[in-house]
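Following is a predicted model, sequence given first.
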Amino acid sequence: MIKQRRALRGALVLALSAGVAAGGLTGTATADADRAPLRELMTRLTTVDGGPGALLHVRDRRGGTVLTSGVADVTSRAPMRADSEFRIGSMTKPFVATVVLQLVGEHRVVLDAPVERYLPGVVRGNGNDGRAVTVRQLLQHTSGIPDYLGFLDRQEILRNPLAHHDTRDLVEFALTHPRAFDPGERWGYSNTNYLLAGMIIQRVTGRAYGREIRRRIIEPLGLRHTSVPGDRTAISGPHPRGYVRPGPDAPLLDITAFNPSIAGASGSMISSGADLNRFLGALVGGRLLRPAQLREMMRTRSTRNPGDPVDPANRAYGLGLESKSLPCGGLYWGHGGDIFGFKTAGGATVGGGQATVMVNLDPGATRAQSDDMTAAVQRALCQDRTTR
């Protein structure tokens, strides 16, 4: 079903004389004047918003463009490399959801079947019941299963960043807490949902979710800078340092060496801007899922529950993929990703371009930083549409 794609052509790296952020501001491909608003946003991310460094990778009809700002390493002051790899956090979720939906297309998983069918006895206790929660509800965050990350001690993680965390233990820890709401009643983001989705993949295929992602997505698409690291604590390719701020006034802490097993199928992967764009383009372009399963993935519900403030972006969540309104009209599809050391956001339009932005500082990102990252993705995608 999936066709091999040729590797993206390399782009000539050109220096852009900005001189406003530490490490400078650089880009690949043509330094068109219409990139100026994007360069301004990148500068904001590493000055006003406080990130050490930032990277934006755009893929549109003109080819690939990379803008970088700030530094990859606050000690050496090395600039951010255009080909950087980084931890993508919850941008892992679209990969996991894609595998589950491929299994749906192969008639090995039923979206509206109870989780109990695939994980008997696993989801029980404190109102949590796998007999009442469906696979669809896991993927769409409407299960009501509590989010284990909301109950972990952040400082303990920072003190022991190399510790292994067993997925089953994390799930059981989550289930010691009452369910957040009745299944299907509301929308509520829970990383536990995707730990369970990863467990379903293993139960159905007999292989770990990471092996299935490699076999079904990474290898067919030729994503050379994408991996599911398991317990590996290092980022193997060229990469920036990842930083956290342990407290409001604390200095930056280097947490590049980190065991991502604490995130598992909810957020452990490593990738690059170019690879994420290729994946998102293939996904929304229908090259990874059959039409029926892609339609299910794109059947969204609002993330706004009764009583919530109005969301100007009209954010809606499908199955591991969310949609947002573009300022220039229409929608784009993508996801965000936060994990210790890195914050990522990416999106793609159907039949159009793709954009991914990364800052090497998280958690502790400010609202302004999140807004500017979203604005960078939206501006890049709108710019592609207006220059067609």
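Nice, thanks for sending it over. Because the structure is predicted, anything quoted here is derived from the model rather than measured. Numbering: from 1, shown residues only.

ok, which stretches of this structure are helices?
Using DSSP state H, the helices of the chain run over 36-46, 92-105, 115-118, 135-140, 154-159, 167-174, 191-205, 209-213, 219-221, 273-284, 291-297, 367-386.

which of the residues in stretch 155-163 are buried?
Neighbour-count burial for stretch 155-163 flags 157, 161 (criterion: 16 or more other Cβ atoms under 10 Å). Using the backbone N, CA and C atoms, a C-beta is placed for each residue, glycine as well.

contacts for that stretch?
When contacts are defined by Cβ atoms under 8 Å, 6 or more residues apart in numbering, stretch 155-163 is touched by residues 233, 244, 246, 253, 255, 257-259, 262, 340.

From the residues you listed, which shows the smallest pLDDT?
Of all those, Pro246 carries the smallest pLDDT score, 90.

Quick check, pLDDT for Pro363.
Pro363 is given a pLDDT of 74.

can you check Ala274 too?
97.

Go ahead and confirm it touches Ser84.
No. If you go by Cβ atoms under 8 Å, Ala274 and Ser84 don't touch, sitting 9.9 Å apart.

per-stretch mean pLDDT over the helices of the chain, give me the minimum one.
helix 367-386 (a mean of 89).

Restricting to C-alpha, output that helix in CSV.
Taking C-alpha atoms only, helix 367-386 is exported to CSV below (Å, rounded to 0.1, in the frame of the first residue of the first chain):
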residue,chain,number,x,y,z
ARG,A,367,2.1,30.9,26.2
ALA,A,368,3.8,33.5,24.0
GLN,A,369,6.3,30.9,22.9
SER,A,370,3.6,28.4,22.0
ASP,A,371,1.6,31.1,20.2
ASP,A,372,4.7,32.1,18.2
MET,A,373,5.4,28.5,17.2
THR,A,374,1.9,28.0,16.0
ALA,A,375,2.1,31.3,14.1
ALA,A,376,5.3,30.2,12.4
VAL,A,377,3.6,27.0,11.2
GLN,A,378,0.5,28.9,10.1
ARG,A,379,2.4,31.6,8.3
ALA,A,380,4.5,29.1,6.4
LEU,A,381,1.5,27.2,5.3
CYS,A,382,-0.5,30.3,4.3
GLN,A,383,2.5,31.7,2.4
ASP,A,384,2.7,28.5,0.3
ARG,A,385,-1.0,28.9,-0.6
THR,A,386,-0.7,32.6,-1.5
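
buried residues in stretch 236-255?
Neighbour-count burial for stretch 236-255, counted by 16+ other Cβ under 10 Å, picks out 237, 239-245, 252, 255.

With distance to Ile157 as extra columns, can I get those residues in CSV?
Formatted as CSV, the buried residues of stretch 236-255 follow (distance: Cβ to Cβ, whole Å):
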residue, distance to Ile157
Gly237, 24
His239, 20
Pro240, 20
Arg241, 18
Gly242, 13
Tyr243, 15
Val244, 9
Arg245, 14
Leu252, 16
Ile255, 9
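
of those residues, the lowest pLDDT goes to which?
Within the buried residues of stretch 236-255, pLDDT is lowest for Arg245, at 91.

list the contacts for that one?
Taking Cβ under 8 Å, 6+ apart as the definition, contacts of Arg245 comprise 251-253, 361, 364.

Just to be sure, which of those are found in strands?
Leu253 (DSSP state E).

a markdown table for the contacts of Arg245, including distance to Pro220?
Formatted as a markdown table, the contacts of Arg245 follow (distance: Cβ to Cβ, whole Å):
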| residue | distance to Pro220 |
| --- | --- |
| Pro251 | 43 |
| Leu252 | 38 |
| Leu253 | 38 |
| Leu361 | 33 |
| Gly364 | 36 |
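
What is the nearest of the contacts of Arg245 to Glu185?
Gly364 (31.5 Å; Cβ to Cβ).

Widest-spaced pair of the buried residues of stretch 236-255?
So, the buried residues of stretch 236-255 by Cβ to Cβ: farthest apart are Gly237 and Arg245, at 25.3 Å.

can you pull out the strands in the stretch 1-150 of the chain?
13-16, 25-28, 53-60, 63-70, 85-87, 124-125, 128-129 (DSSP state E, counting those that start in this stretch).

between the third one and helix 367-386, what angle do the directions make?
Think strand 53-60. 20 degrees (axes from the mean of the first three to the mean of the last three Cα atoms, to 10 degrees).

ok, now how distant is the closest residue to Gly341 other than its chain neighbours from Val99?
Among residues not flanking Gly341 along the chain, Gly242 sits closest, at 2.2 Å (Cβ to Cβ, 6 or more residues apart in numbering). Per Cβ to Cβ, to the nearest Å, Gly242 is found 26 Å from Val99.
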